[in-house]
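A.B. asks: Below are the sequence and a predicted model; questions follow.
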Amino acid sequence: MPCPCCGEGLKVIGSRRRICRNATGEVKVFILRRLRCSSCRKIHHELPDCVVPYKRYESTCIEDVVSEEPGRAIVAADDSTLYRWRSWYNELATYWCGALSSIAVRFHQQPLEVSSTPSLSTHQRIGHIVGDAPGWLARVVRPIANVNLWLHTRSAFLSTDAFGRLSS
């Protein structure tokens, strides 16, 4: 399997545990393979389709919350978590549409013509690209993560010192 950063080969260097919760709050434990690139030496983790990078709930849970009107989705998470998921989705959905189009061009596939009609919401545009059947979020995540275009959103835990250097 090629490295998403430089295209060279990846070698298994170990594994790590990753927990993920389902809609009822039940915890699932996954053992993820850790892979290191033989050229750029970056470490990657092999994620199952049900996991969204940097999220602790299954993709179907997040999908249900961002697809439904507030208060309609049934997920065992507090309201502030549901609000953060909606905000996260709204911030990144336009980027995802562009990233998926870029991936189509990169792999010599015809990018999907998306109507320029202003009445299409971002969610409808994503549905136009990957479909709106259950599992659409996993169909967005996989190609974007696999070509190293996934934006991490964990910077909220990082701060800078008086000299502008990152500290955790």
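C.D. replies: Okay, I see it.

A.B. asks: How far does stretch 126-138 stretch from one end to the other?
C.D. replies: Stretch 126-138 has an end-to-end distance of 12 Å (CA to CA, to the nearest Å).

A.B. asks: So which residues make contact with it?
C.D. replies: 49-50, 52, 59-60, 62-63, 66, 93, 96-97, 100-101, 112, 114-115, 120, 139-140 (CB atoms under 8 Å, 6 or more residues apart in numbering). (Each C-beta comes from the backbone N, C-alpha and C, glycine too.)

A.B. asks: same question, stretch 31-50
C.D. replies: Here stretch 31-50 has contacts from 1, 3-6, 8-18, 20, 30, 53, 58-60, 135, 138, 141-142, 145, using CB under 8 Å, 6+ apart.

A.B. asks: Report the buried residues of that stretch.
C.D. replies: The neighbour-count check on stretch 31-50 (16 or more other CB atoms under 10 Å) flags 32, 35, 36, 37, 44, 47, 50 as buried.

A.B. asks: hang on, the earlier thing: tell me the buried residues within the contacts of stretch 126-138.
C.D. replies: 50, 52, 59-60, 62-63, 66, 93, 96-97, 100-101, 139-140.

A.B. asks: any weak-confidence spans in the protein?
C.D. replies: Where the chain drops to pLDDT under 70, the residues are 111-119, 153-168.

A.B. asks: Which stretches in it count as helices?
C.D. replies: Per DSSP state H, the chain carries helices over the ranges 59-67, 79-106, 122-130, 136-146.

A.B. asks: Tell me if I'm right that residue 140 and residue 98 touch.
C.D. replies: No. Counting by CB atoms under 8 Å, residue 140 does not reach residue 98; the two are 11.9 Å apart.

A.B. asks: can I get the CA coordinates of stretch 44-56 in PDB?
C.D. replies: Output in PDB follows, covering the C-alpha atoms of stretch 44-56 (Å, rounded to 0.1, in the frame of the first residue of the first chain):
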ATOM      1  CA  HIS A  44      -0.100   6.400   9.400                       C
ATOM      2  CA  HIS A  45      -2.900   4.500  11.000                       C
ATOM      3  CA  GLU A  46      -5.200   2.100   9.100                       C
ATOM      4  CA  LEU A  47      -8.800   3.100  10.100                       C
ATOM      5  CA  PRO A  48     -11.900   1.100   9.500                       C
ATOM      6  CA  ASP A  49     -14.700   2.700   7.500                       C
ATOM      7  CA  CYS A  50     -16.800   3.300  10.600                       C
ATOM      8  CA  VAL A  51     -14.200   5.600  12.200                       C
ATOM      9  CA  VAL A  52     -13.800   9.300  11.400                       C
ATOM     10  CA  PRO A  53     -10.300  10.600  12.000                       C
ATOM     11  CA  TYR A  54     -10.100  12.500  15.400                       C
ATOM     12  CA  LYS A  55     -13.700  11.600  16.300                       C
ATOM     13  CA  ARG A  56     -14.800   9.200  19.100                       C
END
